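1. Sequence below, structure please.
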Amino acid sequence: MLTERHTRRQGLTCLYRCGNACAHDEPNRSGNEYFGDVLARAVSRRGVLRAGAVLTLAAGAGTAFAGSAAAATGAGSPADPDDLPRGLSYKPVTPGTADAVTVPAGYRSEVVIRWGDPVVPGAPAFDFEKQTADAQAGQFGYNNDFCGLVPLRRGGGESYLMFNNHEYTIEPLMFRGYDPDNPTEEQARVGIQAHGLSILVVERDRRTGRITPVLDETYNRRYTGTAEFVLDGPAAGSDLVKTSADDSGTRVLGTFNNCAGGVTPWGTFLTGEENVNQYFANADAVGDRVARERLARYGFPEGESERKWERFDPRFDLAKEPNEANRFGWIVEVDPYDPQAPPVKHTALGRFKHEGATIRLTPDGHAVAYMGDDERFEYVYKFVSDGVMKGGNSRRAREHNRRLLASGTLYVARFTGNSPAAEIDGSGRLPDDRAFDGRGEWIKLAAGDESFVDGMTAEEVYVFTRLAADRVGATKMDRPEDVEPHPHTGKVYLALTNNTDRGKSGASRTAPADEPNPRNSNAHGHVIELVEAENDARAERFGWSILLLCGDPNDPSTYFGGFDKSQVSPITSPDNLAFDGHGNLWIATDSGQALSINDGLYGVSLEGSTRGRTTLFASVPVGGECCGPVIYDEFVLISVQHPGDLDDASPESPKSVFPDGPGTQPRPSVVNIWKVGEEGGPGRIGQ
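-> You can find the predicted model right below:
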């Protein structure tokens, strides 16, 4: 039922993306210590005043904060346009509320593909008034989020395989006259098919900059809520993931709520299953007490689900199939080049509300995956593979590399600040050392069949990873979303979207401000820069500092890497992260108009005198969210989710006409942005 508590985002998105999570108590009921407690104990035991005495990095990591020191040099220094970093020399877009994609002067935008457009050859054209499950199974799904490209070498043109997640559906905006209390079976089945993944060929015209889809019979395909996925890794075949339909515990139908993702160095796509709890029903009817407690830790509803799929498919009824829930919440890997290879859910990477996963290779080829659990007071994780990547593109190399994420060590992060507790007062005011920074450690949870968590088997750690992280005292963070390693420096960037419950008085399940999460009622989020000890991705120690405290630059609680705040754009709720070829950071936002502006894509300078300079590059239509940025030298792709999701929106009264104009329904879309260069041809982004 729609509640009044959705203050961050419009009601339908709150309800259908995450099951109105903000209207419920946080599932994390653990009593993990926060920094103030750790510091107080250190002071009493050792008589020190700095938290640096609590945790010491391995030798050599003391250089981790060179970036923080450099940040101060930019304060109050106007940015000379001639000195702007390559890739960020564009006139910032003025934040606004237009029902359009707004780009800088001299740039163009165009839709590549929208909800309902054919993906599979033979799929029908979209008809909003006559949707069917069979048609949707071959069409582009709803609410595309992550977007990724890999090159497709054929002919003389510029071709790519494009991958898209379809995170969730908003049935009241998809169907005219939708009755949430009594959806039809066909509406439910359309919704199931509108979830999942799309892979399709796209071609870019080098003369004009346009990108168009190709109905390719070899590569194009949809993986929907009824497609078959394989479970691999140490929890595959466990009794915890077996159901009446799959007594092997290795075959799963569907993937849901796929949010962000990543492109691996070996040319596959990773996608994270996030708010999967909302698709299931009747957790309170599960007979086993321990099973009910585990379901509660992941926020599974006690009664019926919002979409009521359980009425038409018993696998969504936990009273009938309590283990079906354990088969969702994983990182999924898809090989776009091999349509015969089934997509795989990797149990070795743990089960939680995955925003996504991105890979950094060690010099000797081990794959290190960084991941965030996107809910209030949840955790940051990483995984280090046992095996190493094989070079080349042979079938043998590809098959080997697709198994890299099946075996390794899973970690969770504990952050420690280095400022006295009295200086972290929840206001966002910088401590005396002029930086929110500190140290941290990666705590082992499991490796293969070995558990490092007292009282839990390895299988339990992988399937109930949140509970394992609770037990080892991981740091409660402000909604960890995208976690991205820098392709050149190896520094890791964490998007913490927001957490208005941070420091809430009288709330027993929340936590006060600490140095890595320094603002109470954190409405606008922040970005953390993390440096592994010795810059070794396999290290178990790290340093960290806050790069951005987002919000209105006129708000004294905001911070932009020390850069002059009069020269930055307002930004709120960082969500997806990406890098361009010059090493600049790009941030897509999910704000729900928290600053009364539309969401957008921002470029951020990370080095030198402009470090922290944050400027709006593109703004998405009213009611929409900016997702899944792809940043190339010649073009940018963004995903426009749920355009027109404003209060009181409906097919009878749409609040957006993006992308097709007056008289049409809003449709989530992939949008291509490019610079108009000399003689009308495409130029280079930000140059």
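2. alpha carbons only for contacts and neighbour counts from here, please
-> Noted.
3. contacting residues for residue 12?
-> 2, 170, 172, 645, 647 (C-alpha atoms under 8 Å, 6 or more residues apart in numbering).
4. Backbone dihedrals for the closest residue to residue 344 other than its chain neighbours, both of them.
-> Counting by C-alpha to C-alpha, 6 or more residues apart in numbering, residue 230 is the residue found nearest to residue 344 once chain neighbours are left out, at 4.7 Å. Main-chain torsions, residue 230, degrees, to the nearest 10: phi -110, psi 130.
5. and residue 230, what does it touch?
-> Taking C-alpha under 8 Å, 6+ apart, we find residue 230 in contact with 250-252, 342-345.
6. Adding neighbour count as columns, could you present those in JSON lines?
-> As requested, the contacts of residue 230 are arranged in JSON lines below (neighbours: other C-alpha atoms under 10 Å):
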{"residue": "250", "neighbour count": "21"}
{"residue": "251", "neighbour count": "22"}
{"residue": "252", "neighbour count": "23"}
{"residue": "342", "neighbour count": "15"}
{"residue": "343", "neighbour count": "22"}
{"residue": "344", "neighbour count": "26"}
{"residue": "345", "neighbour count": "32"}
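7. Hmm, residue 110 is touching residue 671, no?
-> Yes - here residue 110 reaches residue 671: they are 5.6 Å apart, a contact under C-alpha atoms under 8 Å.
8. Now do the strands in the stretch 401-550 of the chain.
-> With strands called from DSSP state E, counting those that start in this stretch, the stretch 401-550 of the chain shows them at 408-417, 437-447, 450-451, 477-478, 480-485, 492-496, 526-532, 541-549.
9. Would you map the helices across the stretch 51-200 of the chain?
-> 66-71, 133-136, 171-174, 185-194 (DSSP state H, counting those that start in this stretch).
10. What is the last one packed up against?
-> Helix 185-194 is packed against helix 133-136, with contacts defined by 3 or more C-alpha pairs under 8 Å, 6 or more residues apart in numbering; DSSP states H and E.
11. in the helix it packs on, what counts as buried?
-> With burial defined by 16 or more other C-alpha atoms under 10 Å, the residues of helix 133-136 counted as buried are 133, 135-136.
12. which outside residues touch it?
-> 116, 123-124, 186-187, 189-191, 193-194.
13. Make TSV from those residues and add neighbour count, pLDDT and distance to residue 363 to it.
-> TSV is the format used below for those (neighbours: other C-alpha atoms under 10 Å; pLDDT from 0 to 100; distance: C-alpha to C-alpha, whole Å):
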residue	neighbour count	pLDDT	distance to residue 363
116	25	98	43
123	18	98	45
124	16	98	48
186	14	98	51
187	19	98	50
189	20	98	47
190	23	98	46
191	25	98	44
193	30	98	41
194	31	98	40
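14. With distance to residue 525 added, can I get those residues in CSV?
-> Formatted as CSV, the contacts of helix 133-136 follow (distance: C-alpha to C-alpha, whole Å):
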residue, distance to residue 525
116, 33
123, 41
124, 42
186, 39
187, 36
189, 36
190, 35
191, 31
193, 33
194, 30
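15. Tell me the one among those residues nearest to residue 639.
-> residue 116 (14.7 Å; C-alpha to C-alpha).
16. List the residues that contact that closest one.
-> For residue 116, the contacting residues are 125-127, 136, 139-142, by C-alpha under 8 Å, 6+ apart.
17. Just the helices from the stretch 351-500 of the chain, written as ranges.
-> 395-401, 458-463, 465-472.
18. pLDDT on the shortest one, on average?
-> The one in question is helix 458-463. Average pLDDT, helix 458-463: 98.
19. Not counting its own residues, what contacts it?
-> Residues contacting helix 458-463 (C-alpha under 8 Å, 6+ apart): 234-235, 238, 240, 326, 347-351, 445-453, 467-468.
20. and those residues, which are buried?
-> Burial of these was assessed by neighbour count (16+ other C-alpha under 10 Å); the buried members are 234-235, 240, 326, 347-351, 445-448, 451-453, 467-468.
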